[in-house]
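Engineer: sequence and predicted structure, then a few things I'm wondering about:
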Number of protein chains: 2
Amino acid sequence: MAAPEQIRHFSLPQLEELAHEVREFIIDSVSETGGHFASNLGTVELTVALFNQFDFRRDRIVWDVGHQAYSHKILTGRKGRFGTLRQHHGLSGFLKREESPVYDHFGAGHASTSISAILGMAKARDLQGEDHTCVAVIGDGSMTAGMAFEALNQAGYLKTRKFLVILNDNDMSINPNVGSLQGYLNQLISGQYYHRWRDRIEHAIKAFPIAGLARRMAKVAKWTEESMKRLMVPGLLFEDLGLAYMGPVNGHDVGATLKALREAKQLLAEGPVLLHVQTKKGYGYEPAANDPLKWHGVTAFDAEAGEIRKAAPAPPAYTKVFADALIELAGRDEKIVAITAAMLDGTGLNHFQKAFPERCFDVGIAEQHAVTFAAGLAAQGMRPVCAIYSTFLQRGFDQVLHDVCLQDLPVTFALDRAGIVGADGPTHHGLYDLAYLRCMPNMILMAPKDENELRQMLVTALYSDRPAALRYPRGNALGQPREGSLVALPIGKGELLREGHDLLFVALGTMVGPAQALADRLAEDGCTCAVINARFVKPLDETLILEWSRRVRGVVTLEEGCAPGGFSAAVLEALADGGRSMPVLRLAVPDHVVQHGDPRRLLEEEGLGPKEAETRVRSFLSRL
Amino acid sequence: MAAPEQIRHFSLPQLEELAHEVREFIIDSVSETGGHFASNLGTVELTVALFNQFDFRRDRIVWDVGHQAYSHKILTGRKGRFGTLRQHHGLSGFLKREESPVYDHFGAGHASTSISAILGMAKARDLQGEDHTCVAVIGDGSMTAGMAFEALNQAGYLKTRKFLVILNDNDMSINPNVGSLQGYLNQLISGQYYHRWRDRIEHAIKAFPIAGLARRMAKVAKWTEESMKRLMVPGLLFEDLGLAYMGPVNGHDVGATLKALREAKQLLAEGPVLLHVQTKKGYGYEPAANDPLKWHGVTAFDAEAGEIRKAAPAPPAYTKVFADALIELAGRDEKIVAITAAMLDGTGLNHFQKAFPERCFDVGIAEQHAVTFAAGLAAQGMRPVCAIYSTFLQRGFDQVLHDVCLQDLPVTFALDRAGIVGADGPTHHGLYDLAYLRCMPNMILMAPKDENELRQMLVTALYSDRPAALRYPRGNALGQPREGSLVALPIGKGELLREGHDLLFVALGTMVGPAQALADRLAEDGCTCAVINARFVKPLDETLILEWSRRVRGVVTLEEGCAPGGFSAAVLEALADGGRSMPVLRLAVPDHVVQHGDPRRLLEEEGLGPKEAETRVRSFLSRL
């Protein structure tokens, strides 16, 4: 494939050919490896056009989220490694500064950071007396997050030159995009914006104070639709924020996109520009274009047949268990409402939405608003459930603390994808929730050991009349037979799973099973271990832990979360405050960035796999 | 003063008289107690008008931030307690649900939450089949935060009825407001918006395809300025987001405001409305109107003379020490830039801005953007310093983690107002930073024991080439004589301040001095205490702590931060990981909401005052 600097000199037919090659390569490659798919098919021509018009050894580009940037990776020397995509020690599914120090200027797995980052780069450029162009590519979904607006508000204000925001409008988040901004963008694309304006102007003309003139004006105004268009300025919302608006442009037409980029370059000399590019998720591969939601992120598939390979039969995912339980509960209690931030399918709320359309709110990629919106609902007596991935709730940290916890409002947070998530890597691991939620006053914080406990914890949270969070992992549950009805757990009570006199295992969530297995193995050598399923990180069952700590020689904590400040710290605090001084081994994810890859291998690498855990525990035992 | 339900029946002159009374009362009362002042003088007439037009026993109102809501408090039965404002066990400076269960529908100390909260309330209302009106009052400063945009984006999309956003436009945050949105609002107020449109339309007419008609249109169009205005729709930015726009209205003219509210009620039947009200901070009290920044928050003042009482001479505030050091460093290194989120004066960056206007960025109330903007600057080789209060950086939690720490970018965070802040209370205490920053990989986290150490820590952070944060308290520094030049500290090294063989005090920041004093007092009884100034919460000086822990019978940790997951947890983790089992007493702020009032009394109440700490340590000693 051509080197980036060669693409600068390509003719239009060459560029079109290159786009074709890149698309075919993405289809072939992702059909083998799996990965983000529909979004990457949507940006092929745009990427090729950008590499023709800019030199990204000098010019800067930030791709929002980065799951639309496979073409960027392919064009910048990483084609040969695509077979390793999202695998352990393989290519990242997102952009990553260390993966390509020359071309990956800023990494991201969370949405809506690109305009802020590129604005910082543009100001650095200005201060350093350089003159290259700074480009952000951001989807319409990402534009619903407030931080994109914050960045536009400053970019327009600073009148930053050579600052180009490309709005990649495919009318989608992962789910169809929501919010009035999307309605506005659709009006720009459909031409409705003009019609709305014509109505307004006609109305104004009718109210014109001098009747004769009004009639004449009306005639003139109606003369042609074309002339009306000239009276109006599309993209005024962006112009009002200080950016020149261009578009919409068909982002799959390389020639049109090139032309728009050339024109944008002229305008960029004067100030910031927003170029509205219309693309289609899944473009060029019919099954994905017809169902971009299904083809957003895929496992390996049969490219010819257009069929995603079926996974082997498995227990239902935790996501599904959560959604089913919530639907069951909502059937009995009409105060229950559910909120998602652009993750209807990912959180399982698509099922809830079908059952209770009026009680389900997709607020767009807007976790901050999601949380405080829920707080408002709770303040008026509803029982809101915010279903947000562990990693994405980081965006709502202040709102959980300031709006929910300080006011002690009964909002339930259902944190999916807690712990190590696997292929999505560092930006998506849900490793910090235990630490960042545990410091908040009034919060109840839980993690289930299996699907039945998840169901119980959801009831517990909903009827605690307090802020409460439950965190559960990505992937399939354990396949436990369903236990009877939905009953709340006693708040702050752990579960003693087995007695023992050598060690006490205090385990949380996904690590409860491994703790029991480990106790089994140690029992073979005559070492007995008590095992507590903590259930509650907060309030922690200090009584139970202290009681059993007195019967053993050492304590082992087990959690799938970051080592600083998380569950292990809670246990250490309880022991210290309870006056117990004893050896404690902490099995948690070490304090560094955890990479992407197969979750099992990552767990092993972090010292939490069955063998590693056993080795560490035996070593700990030997020192007691 | 009239009861809220009486105000519903007042005539215009009665309402004007009431507004006059309320303003005089605020001036008298705040001149005695101190408090937020200029913002509260700006909303008197608006509040009176709102209480006339709505019944807030049924209708809901959320005041953004709540430091503009003194009139609301005065009108809802709290006038008699105003002498206790912001004092220990006295009235809160903000709205608070428990303070007035009937009238304080949602509390807030952080900006920009009101639209989200009131939208949640409006949806609760709809689901509950009720029909009252929901009102948010939000300042133009608060509108710069992304979450306000997120909420508007959903409100417009849902077409929520009886949903009124009052934009209280005073052209200010605490500092003058920034961002292109403010420019837009100013155009609406000044009429410039029309002029800009006239130019556009004239331009369009000139390009009209049929020359004769174009000339006629031009004539018509120029006929009167007034007629032009009718052709245009102001507030289109909000209309594009799906809210009907009304205004601007003079918010100090009770009659005009009533009229606007009545008209708004008509429109509210159809969907959400944004009413643009123009007010002036400090209105009705000339010194404050002339200098609203100085009079934003005040201590007691002489109301007649218009003079704020001078504080007794005191050492410079930590804020000033930080700003001076930063200016000194920036004088030597042109890569240093500074970023504030609408807190130029509060963070001391107003001084920096004077010295280096090109290198100082006030991004508005937009902490998320501030952080990622800094990350962009850092990615391009600059040395950005984000100066943000501890409590407000909560808004940027995900950005610090996802954009800065995961990418290991050298951004320095200067966290002012860490620890207990006093009169502002629960929403403003900086108690959580140690816990929420400590869980982030790559982060360096420090707290200085005095002003000299603050200066050293700033250098350390700036030249660590890593994400680094230093947190320091509100108020005056210790008055230490300045020590020589700005030199970096060895990263991860604590400072042994005294040796001892009974206890080891491991103290952080503001608690280092008290730890030494306590050691002095215990020494009188023959009990010797080693004292370590930890300096670094992360990386913690585990070697030093372990070494000295082996020479004593017990460890005491001391910090002005939340007990779960903070500094004490770091020490417990270090001891456990280092194989040390020994008694540890944690002196930290307990895990509950800390109220407002005099910081010294609050510290005592939380068990951290000198006497309380001594009692607890002696009791701990007696159990060893």
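Structural biologist: Cool, the structure landed.
Engineer: residue A:581 touches residue B:576, doesn't it?
Structural biologist: No: counting by C-beta atoms under 8 Å, residue A:581 stays clear of residue B:576, with 10.4 Å between them. Yep, even glycine has a C-beta here, placed from its N, CA and C like the rest.
Engineer: those two: who's more crowded?
Structural biologist: The neighbour count for residue A:581 versus residue B:576, taken as other C-beta atoms under 10 Å in any protein chain shown, is higher for residue B:576 (24 against 16).
Engineer: quick check: closest non-adjacent residue to the more buried one.
Structural biologist: residue A:584 (4.3 Å; C-beta to C-beta, 6 or more residues apart in numbering or on different chains).
Engineer: quick check: phi and psi at that neighbour.
Structural biologist: Dihedral pair for residue A:584: phi -130, psi 130, per degrees, to the nearest 10.
Engineer: what sits against it?
Structural biologist: With contacts defined as C-beta atoms under 8 Å, 6 or more residues apart in numbering or on different chains, residue A:584 is in contact with A:554, A:555, A:556, A:557, A:568, A:571, A:572, A:575, B:576, B:581.
Engineer: report the beta-bridge partners for it.
Structural biologist: On the basis of DSSP bridges, residue A:584 takes part in beta bridges with residue A:555.
Engineer: drop anything exposed from the contacts of residue A:584.
Structural biologist: The neighbour count (16 or more other C-beta atoms under 10 Å in any protein chain shown) marks A:554, A:555, A:556, A:557, A:568, A:571, A:572, A:575, B:576, B:581 as buried among those.
Engineer: closest to residue B:5 out of these?
Structural biologist: For these, the closest approach to residue B:5 (C-beta to C-beta) belongs to residue A:571, at 54.2 Å.
Engineer: that closest one: which element?
Structural biologist: helix A:567-577 (DSSP states H and E).
Engineer: got a list of contacts for that helix?
Structural biologist: By C-beta under 8 Å, 6+ apart, the residues outside helix A:567-577 that reach it are A:434-435, A:438, A:506, A:508, A:534, A:537-538, A:540, A:542, A:545-546, A:549, A:555, A:557, A:559, A:561, A:581-582, A:584, A:586-588, B:563-565, B:568-569, B:572-573, B:576, B:583-586.
Engineer: switch the cut-off to 6 Å
Structural biologist: Helix A:567-577 has contacts (C-beta atoms under 6 Å, 6 or more residues apart in numbering or on different chains) with A:434, A:506, A:508, A:537, A:540, A:542, A:545, A:557, A:559, A:561, A:586, A:588, B:565, B:569, B:572, B:576, B:584.
Engineer: same thing with stretch A:540-553?
Structural biologist: With C-beta under 6 Å, 6+ apart as the criterion, stretch A:540-553 contacts A:492-494, A:501-504, A:506, A:530, A:555, A:570, A:574, A:578, A:580, A:624.
Engineer: swap in 7 Å and give it another go.
Structural biologist: Contacts with stretch A:540-553, where a contact means C-beta atoms under 7 Å, 6 or more residues apart in numbering or on different chains, come from A:492-494, A:496, A:500-504, A:506, A:530, A:532, A:534, A:555, A:570-571, A:574-575, A:578, A:580, A:582, A:624.
Engineer: out of these, which sit inside helices?
Structural biologist: Members of these lying in helices (criterion: DSSP state H): A:570, A:571, A:574, A:575.
Engineer: the bottom helix or strand of chain A by mean pLDDT?
Structural biologist: Across the helices and strands of chain A, mean pLDDT, DSSP states H and E gives its lowest value to helix A:225-231, namely a mean of 46.
Engineer: how many neighbouring residues does residue A:475 have?
Structural biologist: For residue A:475, the neighbour count with other C-beta under 10 Å is 16.
Engineer: hang on, it packs against residue A:319?
Structural biologist: No: using C-beta atoms under 7 Å, residue A:475 makes no contact with residue A:319, being 8.8 Å away.
Engineer: show me which helix runs longest in chain A.
Structural biologist: helix A:12-33.
Engineer: check the stretch 1-150 of chain A for the residue nearest chain B and tell me.
Structural biologist: Taking C-beta to the nearest C-beta, chain B has its nearest neighbour within the stretch 1-150 of chain A at residue A:146, 1.8 Å off.
Engineer: now do the contacts for that residue.
Structural biologist: Contacts of residue A:146 were listed using C-beta under 7 Å, 6+ apart, and they are A:366, A:368, B:145, B:146, B:147, B:149, B:150, B:368.
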